[in-house]
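Novice: Predicted model and sequence below, questions to follow.
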Amino acid sequence: MALPDAIDARRAPRSAGERTLFPREASTRRLLTSPAVVLVILLSIFPLIISAYLAFSRFQFVSDGFDITFTGLDNFRKLLTGSQSRRFVGRIGTIPWWGWLALVGFVGSMAWTGVRAVRSAPAKRVRIAVSRSVVTIAGTALLALMIQTLQGDGLPGSVVVTLVFVLAGVALQYTLGLGLAMAASQPLRGKRFFRAVFLIPMTITPVGAAYMFRMISDTGKGPLEPLWSFFFGAGQYTWVDNPWGARIAIIVADTWQWTPFMFIILVAAVESVPDALLEAAKVDGAKAWHQFRYVTLPMIAPVSLTLLLIRSIEAFKIIDLPQVLTGGGPGTATESLALGAVLEWRALNLGGSAAISYAMLVLTTFFALILVNYGHRRAVAAIS
């Protein structure tokens with residue numbers, strides 16, 4: 001009887017005082033939230049709209065101020081096929097035989113997973129087919145661009161350089177972070193001390209880490225100069241004169257800085273795995289590797305997906321390390337998209353800088369959607 005009485009009381013008309021109180025509460029909520037809304041509009045939405053307009057315009061300083069001329073897709077045309085294509089896309093080379101095999105394997109795997117996805121959800125087959133086709137075409141184009149510019153007579157642009165930093169850096173950071181998390185979760189003596197030591201790189205700013213690695217990687221007068229001289233010969237090697245050496249130096253510095261971020265999240269995820277599951281697997285005769293493969297890894301899959309998503313988005317915006325360590329060199333071998341946008345801004349090419357920024361936004365969104373859509377399904381399947 002209490003439940004119907006409560007429902008009737010809730011449906012009963014409110015008194016005049018109550019009716020006047022609720023509008024006041026609504027106006028109070030609007031008044032309290034309006035500063036946050038204004039800040040979001042001024043700091044996020046308004047600059048986004050202005051930068052979008054600049055991406056389709058030519059910005060010039062004149063004697064009495066500045067002049068903005070709408071040019072349509074001209075800034076993007078320059079990036080893809082015009083005067084800026086060499087820095088943005090790179091120099092296209094030939095595709096070797098192993099590159100064709102990689103492309104065929106990628107298209108085949110995407111087609112196979114697409115067919116399985118359509119069969120598992122026939123009611124959504126049109127949407128799944130369209131989305132998979134878009135992802136396959138875009139992914140094939142990016143893979144072909146990487147193969148053509150990273151080998152032989154090719155030369156990578158800022159798009160491929162950024163992808164190298166993201167794919168190689170994030171994969172290495174996750175692998176090391178997971179390995180350290182597994183080690184730190186074991187019953188070892190002094191593991192609390194090492195946990196604190198692993199977090200030290202996170203206390204250093206990216207610019208400070210960049211200058212520190214610039215000093216360490218100095219083969220002429222750095223603290224490791226005897227080591228470089230022993231392996232490469234005195235005065236015979238510098239990181240900035242070798243494109244891949246410069247890229248590896250940036251990846252190593254980025255890995256040193258961000259692996260603790262992976263570690264601190266993953267160690268909490270690993271320690272949250274129920275001991276009962278591990279004990280049951282051990283009773284069934286599963287070895288340590290099988291316990292990790294079939295119990296620990298599936299249980300931490302959602303956390304790993306979120307971690308990879310956050311770190312990948314941050315890696316697309318890498319600018320401190322290329323700017324300080326190599327200045328984007330040698331040539332444009334380590335010029336990321338973010339650094340390219342800053343350099344165009346310094347050259348007062350605001351339209352070109354905005355176009356590069358929006359190209360980076362599209363590329364980042366594409367990778368984030370892939371991680372969210374495909375990774376979420378795999379994570380749910382692994383847990384279930």
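Specialist: Thanks, I have the structure now.
Novice: any low-confidence regions in this protein?
Specialist: In the predicted model of the chain, residues 1-24, 232-239, 375-384 satisfy pLDDT under 70.
Novice: can you give me the strands in it?
Specialist: 57-62, 65-70, 90-91, 155-156 (DSSP state E).
Novice: Name every strand pairing with the second one and say which way it goes.
Specialist: Counting by DSSP bridges, the strands paired with strand 65-70 are strand 57-62 (antiparallel).
Novice: Buried residues, the strand it pairs with. List them.
Specialist: 57, 58, 59 (16 or more other Cβ atoms under 10 Å). Every C-beta, even on glycine, is put in place using the N, C-alpha and C of the backbone.
Novice: can these go into CSV with extra columns for distance to residue 49?
Specialist: Shown next, in CSV, are those (distance: Cβ to Cβ, whole Å):
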residue, distance to residue 49
57, 12
58, 18
59, 15
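Novice: now the end-to-end length of stretch 39-54.
Specialist: 22 Å (Cα to Cα, to the nearest Å).
Novice: ugh, typo on my part, it should be stretch 288-296
Specialist: End-to-end distance for stretch 288-296: 10 Å, by Cα to Cα.
Novice: so who does residue 324 touch?
Specialist: Counting by Cβ atoms under 8 Å, 6 or more residues apart in numbering, residue 324 touches 207, 210, 211, 214.
Novice: out of the residues you listed, who has the most neighbours?
Specialist: residue 210 (23 neighbours; other Cβ atoms under 10 Å).
Novice: Quick one: residues contacting it.
Specialist: 253, 320, 321, 323, 324, 325.
Novice: Buried ones from those residues, can you make that a PyMOL selection?
Specialist: Selection of buried members from those for PyMOL, criterion 16+ other Cβ under 10 Å:
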select buried, resi 253+320+321+323+324+325
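Novice: With adjacent residues omitted, what lies nearest to the most centrally placed residue in the chain?
Specialist: The chain has residue 312 as the residue nearest its centroid, 1.6 Å off, counting by Cα atoms, centre = their mean. Sequence neighbours aside, residue 170 is the residue nearest to residue 312 in space, at 5.4 Å (criterion: Cβ to Cβ, 6 or more residues apart in numbering).
Novice: Now for the one you found, how many residues are close by?
Specialist: 22.
Novice: For residue 304, see how far away it is.
Specialist: 11 Å (Cβ to Cβ, to the nearest Å).
Novice: swap in residue 33?
Specialist: On the measure of Cβ to Cβ, residue 33 and residue 304 end up 35 Å apart.
Novice: Then residue 61?
Specialist: 48 Å.
Novice: Next, format the contacts of residue 210 as CSV and append distance to residue 220.
Specialist: Converted to CSV, these look like this (distance: Cβ to Cβ, whole Å):
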residue, distance to residue 220
253, 18
320, 23
321, 20
323, 21
324, 17
325, 15
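Novice: circling back to that earlier point, give me the more crowded residue out of residue 33 and residue 304.
Specialist: Neighbour totals were compared for residue 33 and residue 304, and residue 304 leads with 20 against 10 (other Cβ under 10 Å).
Novice: from memory that one sits against residue 266, does it?
Specialist: Yes - counting by Cβ atoms under 8 Å, residue 304 does reach residue 266; the two are 7.3 Å apart.
Novice: how far is stretch 197-207 from where the chain is centred?
Specialist: 19 Å (Cα atoms, centre = their mean, to the nearest Å).
Novice: can you tell me which helix in the chain is longest?
Specialist: The longest helix of the chain (DSSP state H) is helix 350-383.
Novice: Just the buried residues of that one, please?
Specialist: Here helix 350-383 shows 350-361, 363-364, 367, 371, 375, 379 as buried, counting by 16+ other Cβ under 10 Å.
Novice: likewise stretch 135-143?
Specialist: So for stretch 135-143, counting by 16+ other Cβ under 10 Å, buried means 135, 136, 139, 142, 143.
Novice: got the CA coordinates for that stretch in PDB?
Specialist: Presented in PDB, the C-alpha positions along stretch 135-143 are these (Å, rounded to 0.1, in the frame of the first residue of the first chain):
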ATOM      1  CA  VAL A 135      38.100   2.100 -43.000                       C
ATOM      2  CA  THR A 136      39.600  -0.300 -45.500                       C
ATOM      3  CA  ILE A 137      40.100   2.300 -48.200                       C
ATOM      4  CA  ALA A 138      41.600   4.900 -45.800                       C
ATOM      5  CA  GLY A 139      43.700   2.300 -44.100                       C
ATOM      6  CA  THR A 140      45.000   0.900 -47.400                       C
ATOM      7  CA  ALA A 141      45.900   4.400 -48.600                       C
ATOM      8  CA  LEU A 142      47.800   5.200 -45.400                       C
ATOM      9  CA  LEU A 143      49.600   1.900 -45.400                       C
END
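Novice: hmm, who's touching it?
Specialist: With Cβ under 8 Å, 6+ apart, stretch 135-143 has contacts from 102, 103, 106, 107, 110, 111, 114, 159, 163, 366, 370.
Novice: Looking at these, which is nearest residue 95?
Specialist: Each of the contacts of stretch 135-143 was scored against residue 95 by Cβ to Cβ, and residue 103 proved nearest at 7.5 Å.
Novice: tally of neighbours for that closest one?
Specialist: Residue 103: 16 neighbours (other Cβ under 10 Å).
Novice: same check, this time on the one 4 residues further on
Specialist: Applying other Cβ under 10 Å, we find 15 residues neighbouring residue 107.
Novice: how much space between the closest residue to residue 356 other than its chain neighbours and residue 158?
Specialist: Excluding the flanking residues, the one nearest residue 356 by Cβ to Cβ, 6+ apart is residue 341, at 4.2 Å. Between residue 341 and residue 158 the computed distance is 9 Å (Cβ to Cβ).
Novice: Who has more neighbours out of those two?
Specialist: residue 158 (28 against 23).
Novice: tell me the contacts of the closest residue to the more buried one other than its chain neighbours?
Specialist: Nearest non-adjacent residue to residue 158, counting by Cβ to Cβ, 6+ apart: residue 340, 4.5 Å away. Listed by Cβ under 8 Å, 6+ apart, the contact partners of residue 340 are 87, 88, 158, 328, 356.
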